[in-house]
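Enquirer: here is a sequence with its predicted model. Questions after.
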Amino acid sequence: MNKKLLLVNDMPGAAKVAANVNFPVLSAGQIEVAILPTLILSNYAGSPGPVVKHQIGQDFNAMLNHWEFLGLKFDAILTGYFGESNQIDEIISYYLKQSNQPKLLVDPTMGDLGKLYKGFDAHVVEKMTRLIQFADLVMPNITEACYLTNTPYKEIFTLEELTDIGNKLLALGAKNVAITGVSEVDTSNDQIGFYLIREKQKPVLLSHQRFPDRFFGTGDLAVSLMAVFYLAGFDIEASLVKTGKLIEEILKVTLEVGQPKEAGLVFEPILSELYSMILKEKELN
């Protein structure tokens, strides 16, 4: 029987980010997905022109209440961008009511390049720190990791400094931390990846090839692939390694077809490979 996952993220109409990346990747990985939208947009939030943004409002919690009434259970909950800070409180409340202890995977989507996204503030950060105390895995980029641990941001961190940041996130309650977009200082700079920090284990940098452009939706792709492999039975480290390899393939394809970074990643050709990987794992087990 396929695993069931509750996806909590924004839903853009025409952009290959957020739920538009999460859903097809998770489905290809043989996960049954329920979607709880946090915000509905016409395109990605930073898109040129009059972006349509439809707040979910009270319907967010009403949907959770209906699912409780129906007795729906999920094996995992994956959270991304929250449209309103009270949604974080409502997800925490919903999670704590679940008797089956679903895995909680948190992509704390709040900012990048040293700054919070427009509309986010310290209030949102504080609520996010409450959410990650229940997380089986939290996958922040360096900016988000700094905000969550009240660490001053800078362009370059050593692995030792990132270890300290990761340990602070573990101290908040997260069971595993994978900081994204990490590369070693004083290297050729052709590698980038995930820095995995776990309790009582040596931190490990899991690298893949770095490419020159920053494509929209890469973080959404990473957490989706990670969820697929983790729910298929791979451990955290193996899941991140497999995720990095597929991201590398997808970026190569994207660059080969000349896709502009605003248009997102060309991940569709790789979905059949992902399906085959998960099917093989199921046959082995």
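Expert: That came through, no problem. Fair warning: this is a prediction, and the values are worked out from it, not measured in the lab.
Enquirer: buried ones in the stretch of helix or strand A171 belongs to?
Expert: Using DSSP states H and E, A171 falls within helix 159-172. By 16 or more other Cβ atoms under 10 Å, the buried positions in helix 159-172 come out as 159, 162-163, 165-166, 168-170, 172. C-betas here are computed from N, CA, C, even on glycine.
Enquirer: list just the nearest of the residues you listed to E126.
Expert: Nearest to E126 out of the buried residues of helix 159-172 is L172 (Cβ to Cβ; 11.3 Å).
Enquirer: need the nearest residue in space to the closest one, chain neighbours excluded.
Expert: Excluding the flanking residues, the one nearest L172 by Cβ to Cβ, 6 or more residues apart in numbering is Q133, at 5.3 Å.
Enquirer: output the below-cut-off pLDDT ranges for the protein.
Expert: Filtered on pLDDT under 70, the chain yields the residue ranges 186-188, 285.
Enquirer: tell me which residues in stretch 83-96 are buried?
Expert: For stretch 83-96, burial by neighbour count (16+ other Cβ under 10 Å) applies to 83-85, 87-88, 90-92, 94-95.
Enquirer: only alpha carbons, please: show it as CSV.
Expert: Backbone C-alpha positions of stretch 83-96 (Å, rounded to 0.1, in the frame of the first residue of the first chain) are rendered in CSV as follows:
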residue,chain,number,x,y,z
GLY,A,83,0.7,32.2,3.6
GLU,A,84,-0.3,33.3,7.1
SER,A,85,1.6,32.8,10.4
ASN,A,86,-1.5,31.4,12.1
GLN,A,87,-1.4,28.5,9.7
ILE,A,88,1.8,27.3,11.5
ASP,A,89,-0.1,27.2,14.8
GLU,A,90,-2.9,25.3,13.2
ILE,A,91,-0.6,22.7,11.7
ILE,A,92,1.1,22.2,15.0
SER,A,93,-2.3,21.7,16.7
TYR,A,94,-3.3,19.2,14.0
TYR,A,95,0.0,17.3,14.2
LEU,A,96,-0.3,16.9,18.0
